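[1] Give me a 3D structure for the following:
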Amino acid sequence: QVQVVESGGGSVQAGGSLRLSCAVSGYSYCSYDMSWYRQAPGKEREFVSSVDRRGSTSYGDSVKGRFTISQDNAKNTVDLQMNSLKPEDTAMYYCKAIGCPLRRSTFWGQGTQVTVSS
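    All right, here's what the predicted structure looks like:
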């Protein structure tokens, strides 16, 4: 059974920083392509950032230059450093892990809430 667990959410004022963490457990031989998504109330889930097993990263346009993703393949963890936060960053943030034990395997966490006040 694969588990994806996010942590690090909270409340912060605009301009502040938060660091989210995600840990994947289950198959000891697996490593994953991992990504962060977010969903605000009444809005669709939005891509935030991703990192693959080779270390290639990608960012959504709205967070480029402010967020940084990093991964520890050995530990199957991924962090999202969020700086210069804006009220529009307020959302539930979800971690996704894909690619193991099957290529099509996809696992989601339960989410962690980020609230940015103006």
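[2] Excluding chain neighbours, what is closest to the spatially most central residue of the chain?
    Central residue of the chain (C-alpha atoms, centre = their mean): Trp36, 2.8 Å from the mean position. Nearest residue to Trp36 in three dimensions, chain neighbours excluded: Val48, at 4.2 Å (C-beta to C-beta, 6 or more residues apart in numbering). Using the backbone N, CA and C atoms, a C-beta is placed for each residue, glycine as well.
[3] shouldn't the one you found be in contact with Gln39?
    No. Between Val48 and Gln39 there is no contact under C-beta atoms under 8 Å: 10.2 Å.
[4] Quick one: the strands in the protein, in order.
    3-7, 10-13, 18-25, 33-39, 46-51, 57-59, 67-72, 77-82, 91-98, 106-108, 112-117 (DSSP state E).
[5] quick one on the thing from earlier: so Val48 and Gln39 - more neighbours on which side?
    The residue with more neighbours, out of Val48 and Gln39, is Val48; 24 against 14, by other C-beta atoms under 10 Å.
[6] Neighbours of Thr112, how many?
    Using other C-beta under 10 Å: Thr112 sits among 21 other residues.
[7] what's the pLDDT at it?
    As predicted, Thr112 sits at a pLDDT of 98.
[8] how far away is it from Gly10?
    8 Å (C-beta to C-beta, to the nearest Å).
[9] what do you get for Val63?
    In terms of C-beta to C-beta, Val63 sits 17 Å off from Gly10.
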